[in-house]
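K.L.:
Next input, structure requested:
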Amino acid sequence: MSENNQILQLLQSKSSTKQEVFRITFSVFKEITKILEKKVSELSDVMDGKDYSVEIGYEEKGDFESHINFSGDRLIFHMHSNVFDFPPNHFIQKTSYIKEDKMRSFCGVIHVYNFLNDSFKYNRLNDVGHLIARIFVNKDNHFFVDGEKQLGFLFNDFINQEINIDFLERIVDQSMIFALNFDLISPDFQDIDVVNVHQILDMVNSHKLKTSKSLGFKFSHENK
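P.N.:
Below is the predicted model of the structure:
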């Protein structure tokens, strides 16, 4: 087989598959944005009558990123523009489903990050968030979720699961529940008992106090 034929064969098989996966993943991401908007409307209607101080909102940040904030938390759903395969030792590579059609292992991915809402509200650029889930989708609309706690085992039947609105709503709900149960922890007193003038000025002038749920809060020069 000539080099040109090899290239054409790869373009017609692998490259075409990746383009199809991208289109499907983008469609899934757009459905997620609709679910987030609907979720904000539903929750706001209830919470406005119970406690108007609990803020719930939605923001769209371009074609590949959407935010939902609820009280002190913010979830960011971000779709990667590229398509990925998995290493040979990954569990999906060992399934009959993939062995029957190698093109099924190519997946688009949507990342779900959990941040403190105040990190964005007060422009605290040193704050860090946590990746809590990755949603993988292939050309057959099959999917699985790699994630924290319940997100890591509720949606892992890649061979049989096809993505749909019900699954997406459950993923959004479980992501929000995880975030609400993942509390900000105060660090040990001894870890933050010494502060110099430069650190205080930085904190006052530009919020350079690094904050995340797992580390509590510490100055940006400190190691985790």
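K.L.:
Low-confidence bits of the chain, can you list those?
P.N.:
10-11, 187, 190-224 (pLDDT under 70).
K.L.:
Where do the domain boundaries of it fall?
P.N.:
Listed by automatic domain parsing, the domain ranges of the chain are 21-182, 184-224.
K.L.:
Among those domains, which comes closest to residue 15?
P.N.:
Minimum separation from residue 15 across the domains of the chain (Cβ to Cβ) falls at domain 21-182, 9.8 Å. The C-beta positions use only the backbone N, C-alpha and C, and glycine is treated the same way.
K.L.:
gap between the two ends of that closest one?
P.N.:
End-to-end distance of domain 21-182 (Cα to Cα, to the nearest Å): 33 Å.
K.L.:
Which helix runs longest in the protein?
P.N.:
Ranked by residue count, the top helix of the chain under DSSP state H comes out as helix 16-50.
K.L.:
The following helix or strand past that helix pairs with which strands?
P.N.:
On the C-terminal side of helix 16-50, the closest following helix or strand by DSSP states H and E is strand 56-60. Paired neighbours of strand 56-60 in the sheet (DSSP bridges): strand 65-70 (antiparallel).
K.L.:
ok, then the element right after the strand it pairs with?
P.N.:
Next element after strand 65-70 (DSSP H and E): strand 73-84.
K.L.:
same for that following strand, what does it pack against?
P.N.:
Counting contacts by 3 or more Cβ pairs under 8 Å, 6 or more residues apart in numbering; DSSP states H and E, strand 73-84 packs against helix 16-50, strand 65-70, strand 107-116, helix 117-121, helix 165-181.
K.L.:
Tabulate the CA atom coordinates of that strand in PDB.
P.N.:
Coordinates of each C-alpha in strand 73-84 appear next as PDB, following Å, rounded to 0.1, in the frame of the first residue of the first chain:
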ATOM      1  CA  ASP A  73     -20.100  26.700  45.200                       C
ATOM      2  CA  ARG A  74     -19.500  26.900  41.400                       C
ATOM      3  CA  LEU A  75     -19.400  24.100  38.900                       C
ATOM      4  CA  ILE A  76     -17.600  24.600  35.600                       C
ATOM      5  CA  PHE A  77     -18.500  22.300  32.700                       C
ATOM      6  CA  HIS A  78     -15.700  22.500  30.100                       C
ATOM      7  CA  MET A  79     -15.600  20.600  26.900                       C
ATOM      8  CA  HIS A  80     -12.200  19.800  25.500                       C
ATOM      9  CA  SER A  81     -11.900  20.500  21.800                       C
ATOM     10  CA  ASN A  82      -9.900  17.400  21.100                       C
ATOM     11  CA  VAL A  83     -10.800  13.700  21.000                       C
ATOM     12  CA  PHE A  84      -8.900  11.100  23.100                       C
END
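K.L.:
Fine, thanks again, bye for now.
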